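Peer 1: Have a look at this prediction, sequence included:
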Amino acid sequence: MLVLSVVTRSAEKTRELGVLFASILRERDVVLLTGSLGAGKTCFVGGVAAGLHVKGHVSSPTFTLLHIHEPARKGLSALNHFDVYRLEGADDFIRHGFDEISYEDGITLIEWGDRVRDALSDDAIELAITFGQNENDRILHFIFPEGREDDVDKFRRLLDGVEGQEP
Ligand SMILES: Nc1ncnc2c1ncn2[C@@H]1O[C@H](COP(=O)(O)OP(=O)(O)O)[C@@H](O)[C@H]1O
Ligand SMILES: [Mg+2]
C-alpha cells in the first residue's frame with residue numbers, strides 16, 4: 001500500500017488535483033472517495049472529469065446514485081460517478097447491479113465508497129479526504145494498491161510541478 005497525502009487550501013486546488021489525478025487513471029480503474037459531507041469529494045470528481053475532458057457540470061448523484069459521463073479522452077468509454085450515501089451497503093450495491101458497472105469499461109469514482117467496499121475489487125484506489133485546521137483546509141490521502149508504483153511516481157511528479165508554482 002502506498003500513501004500520498006496532499007493539503008489543499010481551496011476548492012480550486014482540490015479540483016486542480018483532480019485534473020492531475022485523472023492523467024494516471026485508465027479504463028476499469030475504481031476510485032473510492034471517503035470523507036464527510038462537504039469534504040470535497042464532488043469537487044475532486046469535478047476536477048477528474050475536467051481532466052478527462054467531460055463536457056458539462058458534474059454534480060453529486062445524490063438521488064440517482066449514478067451519473068455516467070462521456071469523456072472525450074481517447075480510448076476511454078465512460079466516467080461512472082457514484083454517490084452511494086443512500087445505499088444500505090455492499091449487498092445493496094450488488095442488488096442494483098452496480099458492481100458490474102464498475103467491472104465494465106470506464107473509470108469509476110464512488111463517493112462514500114467505503115460503504116460498498118466489500119463489493120469492490122482489492123485494487124481500487126482510495127482517496128480519503130479529511131478537514132484541516134482552517135476552514136478551507138483539506139487533507140487528501142491517496143491510498144494506492146500494490147502495482148501502481150509507476151502511477152504514484154508520475155502523480156508525485158505532477159504534484160511537485162504544481163507546488164513549485166506557489167509563491
Ligand atoms: N480545500 C477545499 N477543497 C475542496 N472543497 C473545499 C475546500 N475548501 C472549501 N471547500 C468547499 O467545501 C465544499 C465541498 O463540497 P463537495 O465537494 O460537494 O463535498 P462532498 O462531495 O464531499 O460532500 C464546497 O462548498 C467547497 O467550496
Ligand atoms: Mg458529494
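Peer 2: Great, that's in hand. Bear in mind that the values here come from a model prediction, so they are computed numbers and not experimental data. Ligands and ions are numbered 1, 2, ... in the order given.
Peer 1: Going by C-alpha atoms from here, please, whenever you check contacts or count neighbours.
Peer 2: Fine.
Peer 1: got the buried residues for stretch 121-139?
Peer 2: A124, I125, E126, L127, A128, I129, T130, F131, D137, R138, I139 (16 or more other C-alpha atoms under 10 Å).
Peer 1: when you check ligand 1, which of the residues you listed turn up near it?
Peer 2: Counting by C-alpha under 6 Å from any ligand atom, the subset of the buried residues of stretch 121-139 that neighbours ligand 1 consists of D137, R138.
Peer 1: which of the buried residues of stretch 121-139 sit farthest apart?
Peer 2: The distance between the two most remote of those (C-alpha to C-alpha) is 25.5 Å, for A124 and D137.
Peer 1: Within its sheet, name the partner strands of the helix or strand hosting I68 and how each one runs.
Peer 2: Per DSSP states H and E: I68 is located in strand 66-69. With DSSP bridges as the criterion, the sheet partners recorded for strand 66-69 are strand 79-83 (antiparallel).
Peer 1: pLDDT (mean, whole number) over the strand it pairs with?
Peer 2: Rounded to a whole number, the mean pLDDT of strand 79-83 is 96.
Peer 1: what sits up against it?
Peer 2: Strand 79-83 is contacted from outside by 45, 49, 60-62, 65-71, 101-102, 106-113, using C-alpha atoms under 8 Å, 6 or more residues apart in numbering.
Peer 1: And the next helix or strand past it?
Peer 2: Taking DSSP H and E as the definition, the helix or strand that follows strand 79-83 towards the C-terminus is helix 90-95.
Peer 1: So which bits of that next one are buried?
Peer 2: A90, D92, F93, I94.
Peer 1: pretty sure F155 is in contact with G18, am I right?
Peer 2: No - counting by C-alpha atoms under 8 Å, F155 stays clear of G18, with 10.7 Å between them.
Peer 1: More neighbours: the two, which one.
Peer 2: Using other C-alpha atoms under 10 Å as the criterion, F155 and G18 rank with G18 on top: 22 against 19.
Peer 1: residues in contact with that one?
Peer 2: Contacts for G18 were tallied using C-alpha under 8 Å, 6+ apart; they are F44, V45, G46, G47, V48, A49, G51.
Peer 1: So which elements touch the longest helix seen in the chain?
Peer 2: Among the segments of the chain that qualify as a helix by DSSP state H, the longest is helix 149-165. The elements that helix 149-165 packs onto, with contact taken as 3 or more C-alpha pairs under 8 Å, 6 or more residues apart in numbering; DSSP states H and E, are helix 11-22.
Peer 1: hmm, the helix it packs on touching ligand 2?
Peer 2: No - Helix 11-22 lies out of reach of ligand 2 by C-alpha under 5 Å from the ion, never closer than 12.9 Å.
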